[in-house]
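>>> just a sequence and a predicted model for now, questions to come.
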Amino acid sequence: MKLHRISIMILFMSTFCASSFAHNIVSFDESDSTKTLPVRITTTEISDEKVKAVRAVDGEQPVYPIKINIGLSKLTLFGYAQTGYTYTNVGGIESNAFDITRIILMANAEITPKLSFFIMHDAAKSELHEYYAQYAFSPALKLRIGQYKQPFSLESLLSPTVLNNIGFDASILYMAGIATDPCAGNHVGRDAGIMLTGEAVKYHDWNLLNYSLGVFNGPGMNQKENNSQKDVIGMFNITPLKGVMVSTSFILGTGHAQADNEFGAFKAGANYKRQRWTCGTEIKTDPIYLRSEYLIGNDGGIHSTGYYLDTEFHVAKHFDIVADYDYLKKNNDLSDSTQHNYMIGAQYWLFKGCRILSEFVYKNPKVGNDTKMWVTQFQVKF
C-alpha cells in the first residue's frame, strides 16, 4: 500500500514542481560542478487518424498527454477514468449499482532516446499495475524488464478505453488469467518478467512483423514467485494488408493452484501444467472494426476451448454500434461446462478517448441461471 501511495505522490509532485519552474532555469550541484537544465511543459493533441489507427498490440496510448521536458529527459503523464451503472437480473433476482470501475494514472519517463521507464497505477483499487524499464536497441529489438501485461491474446492487450465489451469476453478472462479462474487467481493478465519485443520488416508505410517473447514468474500481478519454474509466453503478429493483422500467441507454463480444480484434476497448492494457445485476427477499416480469436487451454489434463467475435460499425462521425459473441467451454469432456454470451450496444464519442458506452449483455450458461445485464459506462481520457 505504501508503494502505491508513493507512486501517486511522485506523479503529482513531478507535475507540480515542473509547473513551478516552467519558465525558469533549474540548477543543481553534482561533484562540485553546476549544471543548468531548461524545463518546459507542453501537450500534444493526437490526431483522429492516429487514434483510429491504434491496434490491440499498441496497448495504452494517450490522446492529450502532459509532457514535461527536463533537459534531454522527457516525462509524459496521461490516464483515464471509467464510471458506470449496471442493472443485473440473475434468475429473476434484480440488482443495480453505480460504480467506479477504474481510475488509471500513467507516467512514461524517457531518460534517453533509448532508455525509458513506465508506471501505471489504479487509484480506484489502490493497485500498482505496471512498472518496467525498457531499452530500445532499435525499433525491431527492445528489452523490457519489470511487471506488465503478458503478450497473450489480442483482447487482453487492448486498453479498456477502446474495448467494446465493457467486461471483457469470458473466454479471455478465463484463458488469459485476468479473472474467473480460481486456480490461477485474478491478476488482470499481468506478471513480472523479462521480454524482447519489437517491429520489423518494413513494407510500404507499415511493418509486417510485430513480436513479443518473454519469460515470466507465473503467479501474476503483485505476487511473489510460488514455484521454481517459469512461464514462456510469446506473440507473433503479421500485417499483410494495411489494417489487417493476423495473430498467434501461446503460454507454456506451470501453475501453482490457488484453489482446488473444479473438475478434480488437482488440489490447491499443487503445481500443474498450464498451457494456452490462440490464433486470431484484427481488421480495421473506416466503416467496420472486427476482432476474433480462437483459444485452447490445458490445465493439468483438463482441456478447454473458447472463441469470440467482436464488431464495431461506424454509423456516424461520433456514433458506433457494437456487438459481441463469446463462447467458453472449460472442460471439453463435459458439455455442462459450456457458456454462451451475447452483447449488443452503442457508443458515442464526446471527444478523443471520451465516450458514453451502453450495452445489453445476455449470459447463457449450460448449467445455472441466465444473466441479463444493462451496463452503461462513462469514460474520460487524457
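Sure, I can see it. Note that the structure is a prediction, hence the values are computed from the model and not measured.
>>> please name the residues that touch the residue nearest to Lys284 when sequence neighbours are not counted.
Once flanking residues are discounted, Lys284 sits nearest to Gly243: 4.3 Å by C-beta to C-beta, 6 or more residues apart in numbering. To be clear about C-beta, it is placed using only N, CA and C from the backbone, and glycine gets the same treatment. Residues near Gly243 by C-beta atoms under 8 Å, 6 or more residues apart in numbering: 283-285.
>>> how does it look with 10 Å?
Applying C-beta atoms under 10 Å, 6 or more residues apart in numbering to Gly243 gives the contacts 52-53, 55, 206, 282-286, 289.
>>> from those, list just the buried residues.
55, 282, 284, 289 (16 or more other C-beta atoms under 10 Å).
>>> let me see the contact set for the first one.
Shown here is Arg55, whose contacts under the criterion C-beta under 10 Å, 6+ apart are 61, 154, 157-158, 162, 210, 237, 239, 243, 245, 247, 282, 284, 291.
>>> looking at those, which is nearest Asp231?
Closest approach to Asp231 among those (C-beta to C-beta): Leu157, at 16.4 Å.
>>> let me know the pLDDT of the closest one.
Turning to Leu157, the model gives it a pLDDT of 97.
>>> surely it meets Ile233?
No: counting by C-beta atoms under 10 Å, Leu157 sits too far from Ile233 to count as a contact (11.7 Å).
>>> intersection of neighbour lists for those two?
Common neighbours of Leu157 and Ile233 are listed as 150-151, 212, 249 (criterion: C-beta under 10 Å, 6+ apart).
>>> got the contact list for the residue minimising distance to the centre of the chain?
What sits nearest the mean C-alpha location of the chain, by C-alpha atoms, centre = their mean, is Leu157, with 4.1 Å. Applying C-beta under 10 Å, 6+ apart to Leu157 gives the contacts 55-60, 149-151, 176, 189, 212, 235, 247, 249.
>>> could I have the buried ones of those residues as PyMOL selection syntax?
Entered in PyMOL, the line below selects the buried ones among these, by 16+ other C-beta under 10 Å:
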select buried, resi 55+56+57+60+149+150+151+176+189+212+235+247+249
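>>> where strands are concerned, which of the contacts of Leu157 count?
Assignment to strands by DSSP state E places the following of the contacts of Leu157 there: 149, 212, 235, 247, 249.
>>> wait, the last one sits on Met235?
Read that as Ser249. Yes: using C-beta under 10 Å as the test, Ser249 is close enough to Met235 to be in contact (3.9 Å).
>>> quick check: neighbours shared by those two?
150-154, 156-157, 212, 278.
>>> who are the neighbours in contact with the nearest residue to Gly185 once chain neighbours are set aside?
Spatial nearest neighbour of Gly185, chain neighbours left out: Gln258 (4.9 Å); criterion: C-beta to C-beta, 6+ apart. Gln258 is in contact with 181-186, 219-220, 223, 226, 268-269, counting by C-beta under 10 Å, 6+ apart.
>>> the nearest residue to Ser95 once chain neighbours are set aside bridge partners, please.
Closest residue in space to Ser95, ignoring its immediate chain neighbours: Thr88 at 5.0 Å, by C-beta to C-beta, 6+ apart. For Thr88, the beta-bridge partners under DSSP bridges are Ser95, Met373.
>>> measure Lys329 to Leu295 for me?
Distance, Lys329 to Leu295, using C-beta to C-beta, to the nearest Å: 10 Å.
>>> before we move on, what about Gln377?
Taken as C-beta to C-beta, the span from Gln377 to Leu295 is 25 Å.
>>> among these two, which residue is more densely surrounded?
It is Leu295, of Gln377 and Leu295, that has more neighbours when counted by other C-beta atoms under 10 Å, with 26 against 23.
>>> isn't that one right up against Ser171?
Yes: at 5.6 Å, Leu295 counts as touching Ser171 under the criterion of C-beta under 10 Å.
>>> what residues are shared contacts of those two?
Joint contacts of Leu295 and Ser171 (C-beta under 10 Å, 6+ apart) are 153, 155, 278, 304-308, 327-328.
>>> could you pull out the strands in the stretch 1-150 of the chain for me?
25-30, 33-43, 66-70, 73-90, 93-110, 115-122, 127-138, 141-149 (DSSP state E, counting those that start in this stretch).
>>> out of the ones in strands among the contacts of Leu157, which two sit at the greatest distance?
It's Lys149 and Ser247 that sit farthest apart of these, by C-beta to C-beta, at 14.5 Å.
>>> how about residues contacting stretch 368-375?
Contacts for stretch 368-375 (C-beta under 10 Å, 6+ apart): 84-96, 99, 101, 165-167, 336, 339-341, 343, 345, 357-365.
>>> may I have it as PDB, with CA atoms only?
Backbone C-alpha positions of stretch 368-375 (Å, rounded to 0.1, in the frame of the first residue of the first chain) are rendered in PDB as follows:
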ATOM      1  CA  GLY A 368     -27.200 -22.400 -13.700                       C
ATOM      2  CA  ASN A 369     -29.300 -19.300 -14.200                       C
ATOM      3  CA  ASP A 370     -29.200 -17.000 -17.200                       C
ATOM      4  CA  THR A 371     -28.000 -13.500 -16.600                       C
ATOM      5  CA  LYS A 372     -29.300 -10.300 -18.200                       C
ATOM      6  CA  MET A 373     -27.400  -7.100 -17.800                       C
ATOM      7  CA  TRP A 374     -27.700  -3.500 -18.900                       C
ATOM      8  CA  VAL A 375     -24.400  -1.700 -18.500                       C
END
